[in-house]
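Chemist: here is my input; please provide its structure:
(one chain, ligands or ions: 1)
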Amino acid sequence: MYALSAIIDNLNNNEVLVDLLEKNAVSHAKRRVPEKAYWDLKATVLELLQAGLGSKFTKEIREAWDKTLTVAMTVIVKALKENQSQ
Ligand code: HEM
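Modeler: Next up, the predicted model:
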């Protein structure tokens, strides 16, 4: 959970955030985690937020989370592909 809280603590610190996401990709590439697992995780997080927040999870909030998760997963997946053969 340290990695996840470090990611959340650095949401406003782009340089550190990208570094943490790339490190996550390197450690998971070694474990053969496929790209699809990250996109499945994104869909699961959105479902979890919907289930937990109900009507408070408005269209605007959903779109903001969708964009944020897409950016994070795109950074991870790019680094994952670059490290997949190692
Ligand atoms: C942004 C999303 C994710 C975060 C923050 C995260 C975080 C972590 C952390 C902190 C660890 C342990 C230490 C390390 O980095 O090596 C870990 C291990 C692991 N993660 Fe993830 N992870 C993520 C996504 C995923 C996905 C999508 C999968 C695939 C289903 C996955 C599968 C695993 C596996 C198999 C381990 C090793 C578990 C073990 O050795 O017991 N992770 N993850």
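
Chemist: what's the first helix or strand after the helix or strand where Ser5 lies?
Modeler: Using DSSP states H and E, Ser5 sits within helix 2-9. Tracing the chain past helix 2-9, the next element assigned as helix or strand by DSSP H and E is helix 14-30.

Chemist: is that next one anywhere near the ligand?
Modeler: Yes. Under the criterion of CB under 6 Å from any ligand atom, helix 14-30 makes contact with the ligand via 24, 27-28. In short, each C-beta sits where N, CA and C put it, glycine included.

Chemist: what's that helix in contact with?
Modeler: 3, 6-7, 10-11, 72, 75-80, 82-84, 86 (CB atoms under 8 Å, 6 or more residues apart in numbering).

Chemist: now the angle from that helix to helix 2-9?
Modeler: 150 degrees (axes from the mean of the first three to the mean of the last three CA atoms, to 10 degrees).

Chemist: can you list the buried residues in helix 14-30?
Modeler: For helix 14-30, a neighbour-count test (16 or more other CB atoms under 10 Å) marks 17-18, 20-22, 24-25, 28-29 as buried.
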